[in-house]
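> Fold the following, please.
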Amino acid sequence: MTGATLDTLRDAAAAHGMLLRGVLAVQPADEAIVLANGREAVAIALFGNTGDALWPVFTASAEYRDGERHPLDRWSRRVATIIAAPLGARVLMPNDGPPHLPFLSWAERAGGVTQSPIGLFLHREYGLWHAYRFALALGEMPEGVAGTTTSRDAAAICANCVARPCLTACPVGAFTNDGYAVDRCAEYLLDDEDAPCHGSGCLARVACPVGAAARYPEAQRRFHMASFLRGARERR
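Next up, the predicted model:
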């Protein structure tokens, strides 16, 4: 296995339109993650995306063009495998399981995010326009890791937001202080093909003023909305 550094991980991610979201040490309380060589992982590197960097790379891929289900998940797994190979790392995906891996907990530990009023993690720089696509379990802590960042400043952003436009922008009020009424959201979108959310993506997400420069391209937002509705139709 070749030892990883923060720079090698960042460069590997950037080559695929992605970015390194954080690195955290495996704690004694964590469930052990065994690598192919039989050793237990000591670090977890989180990878994801923000802004418009991922979209042109993904849409040029075979997974996007082949018409099969879950193209983004399949592409993410392939990218993860490419990055993992020279590191002897184990690929970890959010949808693997059950049991599912604690990606949300890892994201909080990696720092820089807080739960927004609509449930999505808000990042201090990217707002609501970011995602965690996969993780790599590593046998060594990468060189250059300075420690976990704090989420305190991200939490203050939502705490100090008086208007909270994310809670009022939804046409059917699917987001409230009580949570997300996913069925109400899905029924509205399935029944109204002219709903503005089809073109712009979730209006509650768009309404948040934080990280506006990191918004996904409209084509990407439509892609995610179509994926959500495909699942909603299957559950009907």
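
> can I see the domain layout of this structure?
6-155, 165-235 (the TED database).

> which of those sits most buried?
domain 6-155 (a mean of 17; mean count of other C-beta atoms under 10 Å). For every residue, glycine as well, the C-beta is placed using N, CA and C.

> following the helix or strand bottoming out on mean pLDDT in the chain, which helix or strand comes up?
Of all helical and strand segments in the chain, the minimum by mean pLDDT, DSSP states H and E falls on helix 152-159, at a mean of 87. Sequence-wise, the next helix or strand downstream of helix 152-159 (DSSP states H and E) is strand 175-176.

> contacting residues around that following strand?
By C-beta atoms under 8 Å, 6 or more residues apart in numbering, the surrounding residues in contact with strand 175-176 are 117-119, 166-167, 181, 204.

> mind redoing it with 10 Å?
116-120, 164, 166-170, 181, 184-185, 202-205, 207 (C-beta atoms under 10 Å, 6 or more residues apart in numbering).

> which helices and strands sit right next to the least confident helix or strand of the chain?
strand 113-115, strand 121-123 (3 or more C-beta pairs under 10 Å, 6 or more residues apart in numbering; DSSP states H and E).

> what's the closest of those strands to residue 19?
strand 121-123 (11.3 Å; C-beta to C-beta).

> can you list contacts of the closest one?
21, 48, 50, 104, 107-108, 111-116, 127-132, 151, 154-155, 157-158, 161, 166, 208, 210-211, 214.

> Direction included, what does the very next helix or strand once past that strand pair against?
Following strand 121-123 in sequence order, the next helix or strand is strand 130-138 (DSSP H and E). Using DSSP bridges, the strands paired with strand 130-138 are strand 43-50 (antiparallel), strand 90-92 (antiparallel).

> Give me the phi and psi for the closest residue to residue 188 other than its chain neighbours.
Closest residue to residue 188 apart from its sequence neighbours, by C-beta to C-beta, 6 or more residues apart in numbering: residue 172 at 4.5 Å. According to degrees, to the nearest 10, the main-chain angles of residue 172 amount to phi -120, psi 10.

> Would you quantify the distance from residue 154 to residue 163?
To residue 163, residue 154 is 18 Å away according to C-beta to C-beta, to the nearest Å.

> so what's residue 40 bridging to?
residue 34.

> how far away is it from residue 98?
From residue 40 across to residue 98, the span is 21 Å (C-beta to C-beta).

> swap in residue 172?
For residue 172, the distance to residue 98 - C-beta to C-beta - is 31 Å.
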